[in-house]
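Participant: prediction below, plus the sequence it came from.
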Amino acid sequence: MKLATEHQFTDLVGIDWADRKHDFCLQATGSDRRESGVLVHNPESIAQWASGLHRRFGGPIAVCLEIAKGPLVHALQRHDFLVLFPVNPAMLAKYREAFVPSRAKDDPTDAEIALELLLWHRDKLQALQPQSADMRTLATLVEQRRGLVGDKTRITNRLNITLKGYFPQVLDWFEDRDTVMFCDFLYRWPSLKQVKRAPQATLRSFFSAHNLRRARLVEERINGIRAASALTGRSGSDSASPVASTSARCAAAGNVTGHR
């Protein structure tokens, strides 16, 4: 397919993206008549809608929308007669603010504003170049991994703040707080009071089960547990244990690694 800027589009479409449905506004080339509608967010509806456009207008068809990736973009990219022009949401907001300041009920929708950007400012927009199915899959996996890493960091930070308030000693015993061993330790002994009751043999078995073979480090941790004193009169209580235990379970369910 040639570059989008070289196309004489048969139809122009603006889409206002949402989670469950998408408003659209279209205008055929050479016509002043506009049509508006709602597109349900599911693969079958999107495919049926795109095929209907192709039957009516042929191609290529220009589509302006606020996003450059995601399920809707992937679904539309399957149709080679659609040329997508993603725009920054801030650009759409500035356009609305500049030309439609009243915000009245009869003001144009965001879908219609996206259509106007295609009509009058297409030279300022850059078409989204098609990607292969493998590249789209890879991009989705990378984005999901980035989200998981962010979730892990947030949960770990929240857990650290909680522990500093009632069980700070455990933060000294474990260098890495995003590991399965650390999470399992807190899930089993979520307070100083509980871990001090644990027999030394039980603690050694726990570390051994998590593949910690460094005898010196194991003994240092056990000695630290035996010598630890409560931070306050209540720090050894179980009042904060459910918080730490739940956070540990959430962290363990994430992409935690390592055994230190």
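Facilitator: The structure has been received and is ready for your questions. Numbering: from 1, shown residues only.

Participant: tell me which stretches of the chain form strands.
Facilitator: With DSSP state E as the criterion, the chain has strands at 11-16, 21-28, 34-40, 61-65, 82-86.

Participant: adding mean neighbour count, distance to residue 219 and mean pLDDT, write those strands out as JSON lines.
Facilitator: (Each C-beta comes from the backbone N, C-alpha and C, glycine too.) Output for the strands of the chain, formatted as JSON lines (neighbours: other CB atoms under 10 Å; distance: least, CB to CB, whole Å; pLDDT from 0 to 100):
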{"stretch": "strand 11-16", "mean neighbour count": "24", "distance to residue 219": "63", "mean pLDDT": "90"}
{"stretch": "strand 21-28", "mean neighbour count": "20", "distance to residue 219": "62", "mean pLDDT": "90"}
{"stretch": "strand 34-40", "mean neighbour count": "14", "distance to residue 219": "63", "mean pLDDT": "88"}
{"stretch": "strand 61-65", "mean neighbour count": "26", "distance to residue 219": "61", "mean pLDDT": "91"}
{"stretch": "strand 82-86", "mean neighbour count": "22", "distance to residue 219": "58", "mean pLDDT": "90"}
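
Participant: could I get those strands as TSV with distance to residue 156?
Facilitator: Formatted as TSV, the strands of the chain follow (distance: least, CB to CB, whole Å):
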stretch	distance to residue 156
strand 11-16	37
strand 21-28	36
strand 34-40	39
strand 61-65	36
strand 82-86	34
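
Participant: out of the ones you listed, which gets nearest to residue 99?
Facilitator: strand 11-16 (14.2 Å; CB to CB).

Participant: what's in contact with the closest one?
Facilitator: Contacts with strand 11-16, where a contact means CB atoms under 8 Å, 6 or more residues apart in numbering, come from 22-29, 39, 53, 56-57, 61-66, 72, 109-119.

Participant: tell me which strands that strand pairs with, and in which orientation.
Facilitator: According to DSSP bridges, strand 11-16 forms sheet pairs with strand 21-28 (antiparallel), strand 61-65 (parallel).
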